[in-house]
Structures are given as C-alpha cells and as structure tokens.
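# Here is a sequence with its predicted model. Questions after.
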Amino acid sequence: MSRSKTTAWAWPAWNSSSRTRSRSTPWPSCTRNASDRCAVDQLAEGYLDRGRYFTDRLAYGIARIAASRWPDPVVVRTSDFETNEYAKLLGGHPFEPVEANPMIGWRGASRYYSDGCREGFALECRALRQVREEMGLTNVIVMIPFCRTLLEADKVLEVMAAEGLRRGENGLKVYVMAGIPSNILLAQDFTERFGGYSIGSNDLTQPTLGVDRDSEALADVFDENDPAVTDLIRILLPRVQTLGRPVGLCGQRPSDDPAYAAFLVRTGIDSTSVAPDSFAAVKRHVAAEEPRYGEDRMAPTGIRPAQADQPSAA
C-alpha cells in the first residue's frame, strides 16, 4: 500500500458546487415551482447558458483538488446520488421517480445512458473535459459507480466517447467501482473495459448480505467485515492485479477500525480512503502492518502487484 506518490479520491461534490440537479439548459423552464425558477436564475446570474454555469462550477471544484495534488493521480467518481437525494436538490423533484429502495434503484451508471438523465451526465463529461483539456490537469481519472453489467459498462463508455472522453486518448483512464458482486464475479471482463477498481465497501455489503443500508431494523446485520464480504475482496484483487490494474477501497471502515485497515494491507490493496481526522492513526496502523507481510508477499504466488497510476503528460 505504501507509495512514493499517493492517489487522491474525489467524491461527487457537484451538488454543493452548483446546488442544482444536473440537467441541460432547457430544464429550468420545465420546473413548475416559481421559487425554484427564481433560485436558479439567482444562482446562474451572469450565465445565459445554464448548462455552462453547471459545468464551470463543477470543473472549478474538481480543478482545485486536481491542482493541489498535481502530478499525482486524482480519481473523480461521477455522480451517484439516489433518486430520493436528487429529488431534494433544487429543481429535482419533478424529474425523479419515487422508489421503494433507492439504494438499489435508478442510480450510478444506469442513469448515464438513460433518456431521463443522459443530458445531465453529458454536462459532467464536459466539465471533466474542461479540467483535463482546457486546464491541463490530465492527472484526473474518471470513475464510474454502481455499474451492474458489462452491457451497461459498454453503454456508459459509449456516452463518454460521444462527449469526447475516450479511454486512452490524452492519457485518460476510466476506473469502475466494485460495489456489486457482479463486478467481482466478472472482474476480468470488467477489466477489459476499465483501467482500475475501487471497492465500495458499503455498497458491496448491501447486495452481498441482502441488507438495505438505510434499514434501521437490519442495522446490526450490516457488517463490512462479514466473511462473505471480505472473501469477495480477497477474490477480486488477484483477478485484476494479475492484469496490472490497481485496486483501492473507499469507505469509512479503515478509518474507524484498525483491524480492517490491517486486513486490507494483508490483501495487497493498492490504496484506501481515509477520513482526514484519522489519517495519522491509520497511517501508523498501515506502517506497523506492512513490515509483517511485505508488499511482495501481499499478492498470491504468480500475481504481480499492480503499479500505482502515473499521470499522463499534459
């Protein structure tokens, strides 16, 4: 896990950057609520093109992180709110369906190619292009969340290509979240489409154990350290690292549980997310654990450890 260079992980903060649900220029005229229309007008004051307002705000937010980490890689996860969360954003309610279980509903990759959200994802793609091409921050890597099937992966990559984000062009890397068992069972097939993995430990726990993350009645059953979940993580790493793909983990557990951080070191994970207030403690735990196992011993025999991503030249 130790690297001379680190990887920064940027979660979708575009709602706080733009404060509106992503939608192309015509959407304010479709908003029935007069106060919402007025609020959008005030937010986007000075912009005749509301879509440009959104892409500028999102691009500047991403660029602040990417520039601060340059030239180290910065992985930006595209938007992954649930429908009930989108509905609470300014102007979002008229566009979102009511779902019984939004955590496994219309979210992540499934939105990006659908008629109801493709325009919004196109704006995200344009913001990412703005960061990489206009600002020159080619250390930005795009990560697709909650991608259920191989066909879904192909559709999303096709939409991205149509918006000028093609894997390999100008050094662009596209990662995928491993938050669904299908991502692990078909890991080598997904690896043909993506250049890296990030394990979403909370998301992965939900379908593996059949537990709704938002259910208070099942809160005691939800456990990222359950053997079914940790075994899936152990299975994933050699399957993709043998192909030279890096694997990280995003989630709160390593920050809260030193034993879980030690488990990740033993599996040979390449990186893990850490909350700022626990960074020093987790770093000590990792540093204490690595000498016991050694990076060369983390991967199974015959599997070469994945190398840290190097930024592309601008």
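It's in. Residues are numbered from 1 along each chain as shown.
# can you count the residues close to Gln206?
21 (other C-beta atoms under 10 Å). Any C-beta I mention is one placed from the backbone N, CA and C, and that applies to glycine too.
# Just the element for it, please.
If you go by DSSP states H and E, Gln206 is part of helix 201-209.
# Would you list the phi and psi of Thr272?
phi -150, psi 150 (degrees, to the nearest 10).
# I'd say it and Gln252 touch.
No. Applying C-beta atoms under 8 Å, one finds Thr272 not in contact with Gln252, separated by 10.7 Å.
# out of these two, which sits in the busier spot?
Looking at Thr272 and Gln252 with other C-beta under 10 Å, you find the greater number of neighbours at Thr272, namely 25 against 15.
# residues in contact with the more buried one?
Met1, Gly248, Leu249, Cys250, Pro254, Ala261, Leu264, Val282 (C-beta atoms under 8 Å, 6 or more residues apart in numbering).
# Among those, find me the one that's closest to Ser35.
Cys250 (36.1 Å; C-beta to C-beta).
# Spatially central, which residue of the chain would that be?
Arg77 (2.9 Å; C-alpha atoms, centre = their mean).
# Mind listing the residues bridging to that one?
Residues in a beta bridge with Arg77, per DSSP bridges, are Met143.
# any idea how far it is from Asn33?
30 Å (C-beta to C-beta, to the nearest Å).
# cool, and Val98?
17 Å.
# ok, which stretches of the stretch 151-300 of the chain are strands?
174-178, 197-200, 247-250, 271-272 (DSSP state E, counting those that start in this stretch).
# Show me what the third one pairs with in its sheet, parallel or antiparallel.
With DSSP bridges as the test, strand 247-250 is paired with strand 197-200 (parallel), strand 271-272 (parallel).
# out of everything not next to it in sequence, what's closest to Leu165?
Cys125 (5.3 Å; C-beta to C-beta, 6 or more residues apart in numbering).
# Next up, the contacts around the one you found.
Val159, Met160, Glu163, Gly164, Leu165.
# Find the residue closest to the second one in space, skipping its chain neighbours.
Closest residue to Met160 apart from its sequence neighbours, by C-beta to C-beta, 6+ apart: Cys125 at 5.8 Å.
# How many neighbouring residues does Ala228 have?
For Ala228, using other C-beta under 10 Å, the count is 12.
# pLDDT at it, what is it?
At Ala228, the pLDDT value in this model is 96.
# Could you list the low-confidence segments of the protein?
1-32, 44, 47, 293-314 (pLDDT under 70).
# 50 instead, please
2-5, 12-29, 295-314 (pLDDT under 50).
# returning to what we had before: to Asp226, which of the strands of the stretch 151-300 of the chain lies closest?
Closest among the strands of the stretch 151-300 of the chain, once you apply C-beta to C-beta, is strand 197-200, at 14.2 Å.
# got a list of contacts for that closest one?
Taking C-beta under 8 Å, 6+ apart as the rule, strand 197-200 contacts 9, 75, 77, 143, 145-146, 175-179, 183, 187, 190-191, 233, 236, 240, 245-251, 269.
# can you give me how far the helix holding Gln206 is from the chain middle?
In terms of C-alpha atoms, centre = their mean, to the nearest Å, the centre of helix 201-209 is found 15 Å from the chain centre.
# Use 41 as the first number for this chain going forward.
In the new numbering, first residue 41, that becomes helix 241-249.
# Okay, buried residues for the helix or strand harbouring Gly101 please.
Element membership of Gly101, judged by DSSP H and E, is helix 90-109. Neighbour counts over helix 90-109 (16 or more other C-beta atoms under 10 Å) mark 90-99, 101-103, 105-106, 109 as buried.
# Grab the two from those that are most spread out in space.
Top of the distance list for the buried residues of helix 90-109 (C-beta to C-beta): Arg90 and Arg109, 30.0 Å.
# coming back round to it: hmm, the residue nearest to the centre of the chain is touching Cys187, no?
No. The criterion here is C-beta under 8 Å, and Arg117 misses it with Cys187 at 11.6 Å.
# Overlap of the contact sets of the two?
Met217.
# just to revisit the earlier point, take the strands of the stretch 191-340 of the chain and lay them out in a markdown table including distance to Arg332.
Conversion of the strands of the stretch 191-340 of the chain to a markdown table gives the following (distance: least, C-beta to C-beta, whole Å):
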| stretch | distance to Arg332 |
| --- | --- |
| strand 214-218 | 26 |
| strand 237-240 | 22 |
| strand 287-290 | 20 |
| strand 311-312 | 17 |
